[in-house]
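Asker: any chance you could fold what I've pasted below:
(chains A and B)
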Amino acid sequence: MKSRSLRLYSPLLLAPGFGLYLVFFLVPAAIGFWFAFTDWNMDLAHISFNGLANFRRMFADRISALAIRNTLVFSVVTTAGKNILGLGLALALNQALRSRTALRAVFFAPSILSLIVVGLVFSSILHPEGLLNAFLGSIGLSSLTRSWLATRGLVMYTIGAVEIWQWAGFHMAIYLAGLQSIPREYREAVLIDGAGPLRRFLSLTMPLIIATFNVNLVLSLIGGFKVFELVFILTNGGPGTASEVINTQIYRAFGNGEWGYGTAMNLVLFGFITLLALTVLNLLRRREVEL
Amino acid sequence: MSRPGPARRRRAAGRVLLAAVLWLLAVPVLVPFWMMVIGSLKDTREAAVPSIALPSTWHFENYALVFQRADIARALGNSILVTGLSVVLTGAASAAAALYLARVSGRGTKLVYNLFSLGLIAPLSIIPTIKLMQFLQINNTFASVILLMSAVNIPLAVFLCTGFVKTSPRDLDEASALDGCTSFGLLFRVILPLMLPVVVTSAIIVFMGVWNSFMIPLYFLNNSAKWTLPLTVYNFFGQYSRDWNLVFADLVITSLPVLAFYLAGQRYIISGMTAGAVKG
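Answerer: Model (predicted):
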């Protein structure tokens, strides 16, 4: 039995998939881990270890410290926005509305677009003389008009809003799948119980979709940390360096030939993402058991 | 269950109100799409002024101009080549790996599976990857992008396929073993046809990701003759001037295949793109 099973499932089945992943994903990651502790750059013939120098520089340097802070803020703000909107839309579109199929299709639509499309269309809309300010002016709210992408304290939130615009519908779809997996009898039981909508949501719906909530939270946190294209297209880190994030700093380190420093930043990004994903999953899993 | 009349009417009114609110919320979702399409049909001067109004004169020739100036035919070919091969390579490699991972248990299998799981969350190590491609002398080739796209997408596809194979009975495997099937015979003749739904799901994920990808071609294809569709828009703006009508026309062309696919099979795209999250 055992020998037949071994013959039947040859390790060669694993070879192409794991080989590709190993060579083109894991090996570069391992190389990066190593070189993060070196002075690897374009001018050097000999690479040598420099301990934690790259990391010390990263946290001491005003711009990269700002990039790390911006990445954190962006991830948290967009996670809140995507999940509040996504869950709200899902709850609304889980009702028996006649146009709900069309509405779901509309809300999901932005997530099929390339980031270059989203980025450029919004760079037109958010231009000081763009559609958004023109609209605000036309309804008598010209006091609210801003240079959305060129104001220091505002720019990360503007980019965050665009990110939320694109992905709220995606999270809505995941929440909808979770809501639809709640057995009918449960809902009816609570209806008969006479609980109001808020209590119904907190005591019935929320515990049952905690796993879905979980996945959405992790996905949006990770997505936020990995932000690159949207910043690159909308502001390229500007005004000045106000919207630099970790990935744009890596891009610049690559361009400047500071490869050791760039890989160190990548390692920090990796650390943040892994730590966050594990923390959130553990925290919520424990909660799941309690309920 | 019958309800008293007024309560039911109130519920119906509530639903109409809810639908109205949702359609109002849908407006800001739709306006950017509308602006892009309408803007692509204006003349340069009119497109420079932000507006959702229809063009005063329609300029369908913008598309002909974009096709010519950005060499869209070539970029479309590049996009189809890169996306098509990435989809096939990822699908085939993941299905094969999934068969092994789902059926053979042991410490090694578990380690491999955990390493694949790492790929679900870890960011790409861009700089070492570029150095690796240079070392292999495939930097700036389609091959480098296809191999990288596959490596990036294989973890999720393996994860989905393994879950699927685990739910399918082993009896079929045993029967085909008695018939003298080899591993790959079993894979292609028995398992792959069964796996079709999940392979299609993976194909949709890879298609959307690769077709729309902007960062990987930006880093790995720095020769404009090799550009995929999303990069062609760089033909239409410099640092100081943009012909917005041509930019929009180019963006419409880039989005059109995906949009058409979405309009034709919305259900498949939504369930495909969210499959990892829903089954996870």
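Asker: only C-alpha atoms for contact and neighbour calcs from this point on.
Answerer: Fine.
Asker: quick check, central residue of chain B?
Answerer: The structure's chain B has its C-alpha centroid closest to residue B:208; by CA atoms, centre = their mean the separation is 0.8 Å.
Asker: what does the stretch 151-280 of chain B put close to chain A?
Answerer: Within the stretch 151-280 of chain B, the positions adjacent to chain A are B:151-152, B:154-155, B:173, B:177, B:181-184, B:208, B:211-215, B:230, B:248, B:251, B:255, B:258-259, B:266, B:270, B:274, B:277-278, B:280 by CA under 8 Å from any CA of the partner chain.
Asker: ok, the residue nearest to the centre of chain B to residue B:248 distance?
Answerer: Using CA to CA, to the nearest Å, one gets 20 Å for the distance from residue B:208 to residue B:248.
Asker: so where's the stretch 101-250 of chain B uncertain?
Answerer: The model of the stretch 101-250 of chain B has pLDDT under 70 over residues B:238-241.
Asker: go with 90
Answerer: For the stretch 101-250 of chain B, applying pLDDT under 90 flags the ranges B:105-106, B:120-121, B:164, B:166-197, B:215, B:218-219, B:222-224, B:234-243.
Asker: helices along that one, start to end?
Answerer: B:107-121, B:126-135, B:142-166, B:171-178, B:183-185, B:192-212, B:215-220, B:244-264 (DSSP state H, counting those that start in this stretch).
Asker: in the shortest one, what's buried?
Answerer: Okay, so that is helix B:183-185. Neighbour counts over helix B:183-185 (16 or more other CA atoms under 10 Å in any protein chain shown) mark B:183-184 as buried.
Asker: separation between residue B:274 and residue A:18?
Answerer: For residue B:274 relative to residue A:18 (CA to CA), the value is 24 Å.
Asker: so what's the spatially most central residue of chain A closest to, chain neighbours aside?
Answerer: In chain A, the residue lying closest to the centroid (CA atoms, centre = their mean) is residue A:223, at 1.6 Å. Nearest residue to residue A:223 in three dimensions, chain neighbours excluded: residue A:75, at 7.4 Å (CA to CA, 6 or more residues apart in numbering or on different chains).
Asker: what number of residues lie near that neighbour?
Answerer: By the criterion of other CA atoms under 10 Å in any protein chain shown, residue A:75 has 20 neighbours.
Asker: confirm it sits in a helix?
Answerer: Yes: assessed with DSSP: H, G, I helix; E, B strand; the rest coil, residue A:75 lies in a helix.
Asker: contact partners for it?
Answerer: A:220-225 (CA atoms under 8 Å, 6 or more residues apart in numbering or on different chains).
Asker: restricted to helices, list those.
Answerer: Assigned to helices by DSSP state H, the following of the contacts of residue A:75 qualify: A:220-225.
Asker: please report the distance of the residue nearest to residue A:223 from chain B.
Answerer: 15 Å (CA to the nearest CA, to the nearest Å).
Asker: residue A:279 versus that residue, what's the distance?
Answerer: 15 Å.
Asker: cool, and residue B:48?
Answerer: Distance, residue B:48 to residue A:279, using CA to CA: 48 Å.
Asker: and these two? which has more neighbours close in?
Answerer: Neighbours per residue (other CA under 10 Å) separate residue B:48 from residue A:279, with residue B:48 holding more: 17 against 13.
Asker: so the more buried one is in contact with residue B:243, correct?
Answerer: Yes: using CA atoms under 8 Å, residue B:48 is in contact with residue B:243, at 7.5 Å.
Asker: mind listing what residue B:101 touches?
Answerer: By CA under 8 Å, 6+ apart, the residues touching residue B:101 are A:14, B:109, B:113, B:162.
Asker: which of those has the most neighbours?
Answerer: residue B:162 (24 neighbours).
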